[in-house]
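Chemist: quick one: sequence plus predicted model below, questions after.
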Amino acid sequence: MNNILSIGTRLRDRYKIIDVLSHQTAFGITYKIVDSHHPNKPTRILKQLKKTTAAKLDIEYLSTSKQEIILKQYWLECLRLFRIESQTLAKLGENYQQIPTIFEYFDEQDEYFYVQEYIEGLSLTTEIRQGKRLSESQTISLLIEILEILEYVQTYPNYSVIHRDIKPENIIRRSADNKLVLIDFGLAKEVTVSGTKIGSIKGGTKGYIAPEILLGRVSFASDIYSVGMIGVFAITGEDPAYTATLAENWQSKANVSQEFTSVLNKMVCESYKQRFQNATEALVALRNLLKNTPHSQLPLKLISQLIVGIVLVIVVISTIIITKKTDTTLIADGKEQEGQLTQSDPKELINGKHYDIYNFTSGKQKYLTVEIVSKNFNPTFTIRKVNEDNFISVKNISTKENNFTATFMLENGQYELKIKSINMALGNYAIKAWVTDK
């Protein structure tokens, strides 16, 4: 049986292990490594196929000879799935940036490994967690983001794949561009013909695994169930892993429209035949919800009154001037300024997302609070000093209906604040800003 490799171990005289990321899963051990042969010595991920024991398979009551036969069969099947995972990533990640790229598959001293791209970012467990509820629009946008990746996975020419273990931990929000990346294809099953297939190794995560997988059946609709349960978690603030009946009674724990209720119920229906059969069908339904949602007028007067109340609590208001690229100036006094994301805005070279950038200067350490009010899109915030290369994502964004607020600590210097929208949405927004010493 393979042991966990220690930090500092080198493989192929090239890959140095610098951290053990995961070893409690059934099929693999995951390490963070440095590739010393690459000129830039980049960080990578190393995945090692994990061997099992008779105790873990609960077959210790059998004779030794029968145990050996079962262990051998199980190992061969695990090895097959491990190879499929490496092949899947190699094919899917080659031309698609939201699947990790695989660099190498190899074996060493009867152990099997592959090396893949390291995704810098945080998993969805930071966005959806126990006790935190997202709004209906935020949940719909999140599900669309996930399903867009899944649609690619399911429709890849001649190599469609069922993931079988979609959960918040296996989806990373990449820091570089704020896009989601689907990882861990350890249970992935290749589909070469249409129809339902029989899975030889059951797997998945409690609360997210589709009921039919436990019976040995798997289809594209199985992954739809898992995505749907992520939506249930987001809208209720309850982790399905801890609530066995959440798929049936989630409606009593959330206040959402009947239209969204119907779509989410269809995603998590117990019978896979009554679910959306693939990601494309689910995407159509969710996008229609966004399209048909009436855009009511924002109660700007009420919002202004609330902001005045907040500003009265602030003891010290300093002077920070924020200048937009269009030379429109905002003073950090809590006053509202209109903005708009349009197709004429600047575009990032890599992903083509639209954004607005505000430049501002801080004379000493201050706390800048920025509030965006928009009925058209959910904003994301990134910030950097002008003389630095990379923008840093702001994670703690307070949300309430159409109101999004973030606070940044500033040192002395010039800064750029970038405002983007999830799913490249466009539209109007109101921006307010103020500063405090605390």
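Modeler: Perfect, I can see it now.

Chemist: okay, how far is it across stretch 205-225, tip to tip?
Modeler: 12 Å (C-alpha to C-alpha, to the nearest Å).

Chemist: average pLDDT across that stretch?
Modeler: Averaged across stretch 205-225, pLDDT comes to 87.

Chemist: cool, and stretch 38-45?
Modeler: Average pLDDT, stretch 38-45: 92.

Chemist: tell me how far it lies from the chain's centre.
Modeler: 23 Å (C-alpha atoms, centre = their mean, to the nearest Å).

Chemist: pull the residues that contact it.
Modeler: For stretch 38-45, contacts defined as C-beta atoms under 8 Å, 6 or more residues apart in numbering pick out 15, 18, 21, 30-35, 100, 103, 115-118. The way it works is simple: take the backbone N, C-alpha and C, and place the C-beta from them, glycine included.

Chemist: try it again at 6 Å.
Modeler: Stretch 38-45 is contacted from outside by 33, 34, 35, 115, 116, 118, using C-beta atoms under 6 Å, 6 or more residues apart in numbering.

Chemist: do stretch 257-274 as well
Modeler: 136, 211-212, 219, 221, 224-225, 228-229, 231, 247, 251, 275-276, 285, 289.

Chemist: take the contacts of stretch 38-45 and keep only those in strands.
Modeler: Among these, the ones falling in strands (DSSP state E) are 33, 34, 35, 115, 116.

Chemist: before we move on, back to that, closest to residue 342 among the contacts of stretch 257-274?
Modeler: Nearest to residue 342, judged by C-beta to C-beta, of the contacts of stretch 257-274 is residue 289 at 23.7 Å.

Chemist: so that closest one lies in a strand, does it not?
Modeler: No. Residue 289: not assigned to a strand; according to DSSP: H, G, I helix; E, B strand; the rest coil it is helix.

Chemist: for it, grab the count of nearby residues.
Modeler: Neighbours of residue 289 under the rule other C-beta atoms under 10 Å: 18.

Chemist: for it, give me the pLDDT.
Modeler: For residue 289, the predicted pLDDT is 90.

Chemist: distance of it from residue 65?
Modeler: Using C-beta to C-beta, to the nearest Å, one gets 58 Å for the distance from residue 289 to residue 65.

Chemist: which residues in the stretch 101-250 of the chain form strands?
Modeler: Taking DSSP state E, counting those that start in this stretch to define them, one finds strands in the stretch 101-250 of the chain at 102-108, 111-117, 121-123, 160-162, 171-174, 180-182, 189-191, 197-198, 217-218.

Chemist: Serialize the ones you listed to JSON lines and add fields for mean neighbour count.
Modeler: Below are the strands of the stretch 101-250 of the chain laid out as JSON lines (neighbours: other C-beta atoms under 10 Å):
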{"stretch": "strand 102-108", "mean neighbour count": "16"}
{"stretch": "strand 111-117", "mean neighbour count": "21"}
{"stretch": "strand 121-123", "mean neighbour count": "17"}
{"stretch": "strand 160-162", "mean neighbour count": "23"}
{"stretch": "strand 171-174", "mean neighbour count": "20"}
{"stretch": "strand 180-182", "mean neighbour count": "21"}
{"stretch": "strand 189-191", "mean neighbour count": "18"}
{"stretch": "strand 197-198", "mean neighbour count": "12"}
{"stretch": "strand 217-218", "mean neighbour count": "21"}
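
Chemist: nearest to residue 147, of the ones you listed?
Modeler: Among the strands of the stretch 101-250 of the chain, strand 180-182 comes nearest to residue 147, with 10.3 Å by C-beta to C-beta.
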